[in-house]
Structure formats: structure tokens, C-alpha cells
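**Q** Attaching a predicted model along with its sequence, questions to come.
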Amino acid sequence: MGGTALKTGGADVPTMMAALFGTLMLASCTEMVISRVLHLARRVITPLVSGVVVMIIGLSLIQVGLTSIGGGYSAMADHTFGAPKNLLLAGIVLGLIIILNRQRNPYLRIASLVIAMAAGYLAAWLLDMLPANTAPADSSLIMVPTPLYYGLGIDWNLLLPLMLVL
């Protein structure tokens with residue numbers, strides 16, 4: 001939303017990133033203010049309402065999940081969507097999540113998603129499904145990020161929409 005509006009306005013990538021980071025930081029103050037009075041909305045936001053919202057979000061993600069299971073949009077483009085490799089990888093991850101969630105150990109249940117993603121990454125590596133090394137030759141294994149690399153800026157046209165979205 002915000003990046004598209006800035007790009008349409010002719011901003012380059014560093015300017016867009018700076019404007020988005022700064023505007024999002026300012027808009028996040030809205031959440032801090034709302035958090036102080038949100039407990040007053042308990043009569044309106046009942047468990048039924050929040051349950052319906054969570055269900056709608058989950059239902060809207062079904063298409064994304066099925067696309068990812070089949071191999072994603074790149075697999076659609078090169079006509080390998082639903083290839084056995086993709087389905088096997090998705091099955092490994094999903095199966096491991098289900099198995100770990102059925103364990104008695106609460107730490108395994110909590111960490112099931114992270115463990116399954118790590119196992120899926122390892123399985124993708126073993127199945128030779130990872131892209132070739134795209135890192136620059138002079139990059140090190142561990143790099144320290146530069147804080148505020150793009151700087152900070154505020155786009156006043158994006159402030160109200162981002163305050164409403166957050």
C-alpha cells in the first residue's frame with residue numbers, strides 16, 4: 001500500500017524505505033495509545049467476535065497455503081505446480097508440525113513450527129530445491145546490520161492510512 005503509493009509518486013527505493021520506516025514508527029504510537037483503553041472494548045469484542053475474525057483470516061489464507069504447497073507462483077509459471085517434490089516437502093513440514101503438536105512436552109508443542117521449518121529447509125536442501133548461492137563473493141557468514149541504513153523520513157500522506165491499518 002504505502003510503498004506502491006511512494007513508487008507511483010516517483011520515489012526511489014532508499015527514499016521509500018526511509019519514508020515507510022519513519023511513518024510506521026510514528027503511526028505505531030497509535031497502538032500505544034489504543035492499548036491503554038482497549039480493555040474498555042471487552043463488551044463489544046467478545047470471544048465470539050474475535051473467533052469469527054480469526055476464522056475469516058484463516059479461511060482467507062487457504063488459497064495462499066494451497067499455492068505454496070504446490071510450489072508457489074514460480075512453479076505455476078514453469079508448469080511444475082504440484083510436482084511430487086513440492087508435495088513431499090509440504091507433507092514433511094505439515095506432518096512434523098502435527099506430530100510435534102501431539103507430544104506431551106509443552107516445549108515441543110510450542111516450538112513445533114520452528115522445528116518443522118528447519119526440517120523443511122534441510123529437506124529442501126537434500127532434495128536440491130534451494131536456489132544457487134546468490135550472496136556476493138565478498139560477504140561474510142555473519143554480518144552486523146546497520147541501524148537505520150535508509151534513514152528516517154515521514155510521508156504525511158501515508159500517516160493516516162497507516163495509523164488506521166496498525
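**A** Arrived safely.
**Q** how about the longest helix along the chain: buried residues?
**A** Longest helix of the chain, by residue count under DSSP state H: helix 13-37. Using 16 or more other C-beta atoms under 10 Å as the test for burial, helix 13-37 gives 15-24, 26-27, 30. No exception for glycine: its C-beta is placed from N, CA and C like everyone else's.
**Q** What segments of the protein are helices?
**A** Going by DSSP H, the chain shows helices at 2-8, 13-37, 47-60, 62-70, 72-77, 84-101, 106-110, 112-126, 156-165.
**Q** list the contacts for the residue of the chain most remote from its centre?
**A** Within the chain, the residue lying farthest from the chain centre (C-alpha atoms, centre = their mean) is R43, at 30.9 Å. Residues counted as contacts of R43 (C-beta atoms under 8 Å, 6 or more residues apart in numbering): none.
**Q** Same check on R42?
**A** Taking C-beta under 8 Å, 6+ apart as the definition, R42 has no contacts.
**Q** Ok, A19 next?
**A** Counted by C-beta under 8 Å, 6+ apart, A19 has contacts 2, 6, 11, 153-155, 158.
**Q** Out of the helices and strands in this protein, which is least certain?
**A** helix 2-8 (a mean of 78; mean pLDDT, DSSP states H and E).
**Q** list the helices and strands that helix packs on?
**A** helix 13-37, helix 156-165 (3 or more C-beta pairs under 8 Å, 6 or more residues apart in numbering; DSSP states H and E).
**Q** Relative to L48, which of these is closest?
**A** helix 13-37 (21.4 Å; C-beta to C-beta).
**Q** got a list of what L152 touches?
**A** So L152 contacts 18, 21-22, 25 (C-beta under 8 Å, 6+ apart).
**Q** Any stretches of the protein with poor pLDDT?
**A** Counting by pLDDT under 70, the chain has low-confidence residues at 1-2, 135.
**Q** Apply 80 and report the result again.
**A** 1-3, 5, 132-139, 141, 166 (pLDDT under 80).
**Q** Cool, thanks, signing off.
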